[in-house]
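A.B. asks: Sequence first, predicted model second:
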Amino acid sequence: MTRRSRLLTTATAGVAAALLLAGCGGGDGGSSKSNDKIAGADTGASASASPSASATSADTAGRPKITFPSDAKNVFEDAKTGDATKDAVLADSALGVNSVDEAIFKGSTGTKALGFYHSGKALESSITYVQGFIDDSDTWIGEIRFFDRKVTLSGAKQAYVTYCSDESKAFVKNKKTKKVDRNSATSNSYVLYHTVLTKNADGVWQTTDIVSNRGDKACQP
């Protein structure tokens with residue numbers, strides 16, 4: 001799905017990227033890919049659906065249920081790090097991604113989940129991104145894979161998460177014409193994300209800032 005990056009990069013992206021890269025630079029092991037890719041649901045090398053694809057149930061934090069149509073799916077990798085806090089960050093990061101897509105499917109920027117998992121600049125850019133789909137009467141079908149997630153904790157209430165997405169099996173579909181834009185997979189099908197998450201008073205790790213770079217070499221096979 002090469003319509004555009006899943007979340008729009010703001011005019012201050014250069015500054016934000018520098019801050020995010022600095023925040024993600026240390027922390028999780030010596031892999032040279034620590035600032036590259038990532039995403040959200042299972043351990044190991046194999047992809048598996050996480051609290052994503054079709055639905056997510058509410059829990060003690062009063063989390064809203066997120067639902068997807070049957071012809072669309074997000075698949076997350078690398079959900080388990082062995083650290084409970086990092087795992088919680090990755091889980092909420094994935095739910096944040098899902099909340100954006102649910103808003104696209106529902107054709108509304110006022111969904112409960114979108115504001116539940118985003119705040120600040122990330123919420124603003126998420127709303128702008130979703131509104132672009134709404135204005136064009138677009139949705140998407142297929143599967144998006146999120147991989148190489150890395151999380152770095154910064155104190156008790158802030159974390160930096162980087163990850164990649166592979167949109168080569170996802171396609172924009174116009175709701176009015178039902179036409180599916182099946183563009184061939186290219187380097188632009190891969191997107192690198194740098195995100196900041198902040199733990200709110202309810203214990204939810206909200207995405208508060210995000211920068212994306214479509215076609216980044218770090219995410220390409």
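C.D. replies: Looks like it arrived, so ask away. Source: prediction; values computed, not measured.

A.B. asks: Beyond the helix or strand of the chain with the lowest mean pLDDT, next helix or strand please.
C.D. replies: Here the helix or strand of the chain ranked lowest by mean pLDDT, DSSP states H and E is strand 55-56, holding a mean of 44. Heading C-terminal from strand 55-56, the first helix or strand you meet, by DSSP states H and E, is strand 66-67.

A.B. asks: pLDDT of the following helix or strand past that following strand, averaged?
C.D. replies: Using DSSP H and E, the helix or strand that follows strand 66-67 towards the C-terminus is strand 72-76. Strand 72-76 comes out with an average pLDDT of 97.

A.B. asks: For the protein, which segments count as helices?
C.D. replies: According to DSSP state H, the chain carries its helices in the segments 13-24, 84-106, 112-117, 120-135.

A.B. asks: Show me what the mean pLDDT comes to for the first one.
C.D. replies: By that I understand helix 13-24. On average, helix 13-24 scores 47.

A.B. asks: now swap in the second one and tell me
C.D. replies: Across helix 84-106, pLDDT averages out at 97.

A.B. asks: residues of it that come out buried?
C.D. replies: Of all the residues in helix 84-106, those buried under the rule 16 or more other C-beta atoms under 10 Å are 86-106. (C-beta placed from N, C-alpha, C; glycine too.)

A.B. asks: Same question for the last one.
C.D. replies: By neighbour count, and taking 16+ other C-beta under 10 Å as the criterion, the buried residues in helix 120-135 are 121, 122, 123, 125, 126, 127, 129, 130, 131, 133, 134.

A.B. asks: out of everything not next to it in sequence, what's closest to the third one?
C.D. replies: Spatially, and ignoring its direct neighbours in sequence, residue 123 is nearest to residue 115 (6.4 Å; C-beta to C-beta, 6 or more residues apart in numbering).

A.B. asks: show me what contacts the spatially closest residue to residue 117 that is not a sequence neighbour?
C.D. replies: Spatial nearest neighbour of residue 117, excluding adjacent residues (C-beta to C-beta, 6+ apart): residue 96 at 3.8 Å. Contacts for residue 96 (C-beta atoms under 8 Å, 6 or more residues apart in numbering) come out as 117, 118, 122, 197, 206, 207.

A.B. asks: what's near enough to touch the closest residue to residue 213 other than its chain neighbours?
C.D. replies: The shortest distance from residue 213 to any non-neighbouring residue, by C-beta to C-beta, 6+ apart, is to residue 192 (4.7 Å). Neighbouring residues of residue 192 by C-beta under 8 Å, 6+ apart: 36, 37, 162, 163, 164, 212, 213, 216, 218, 219.
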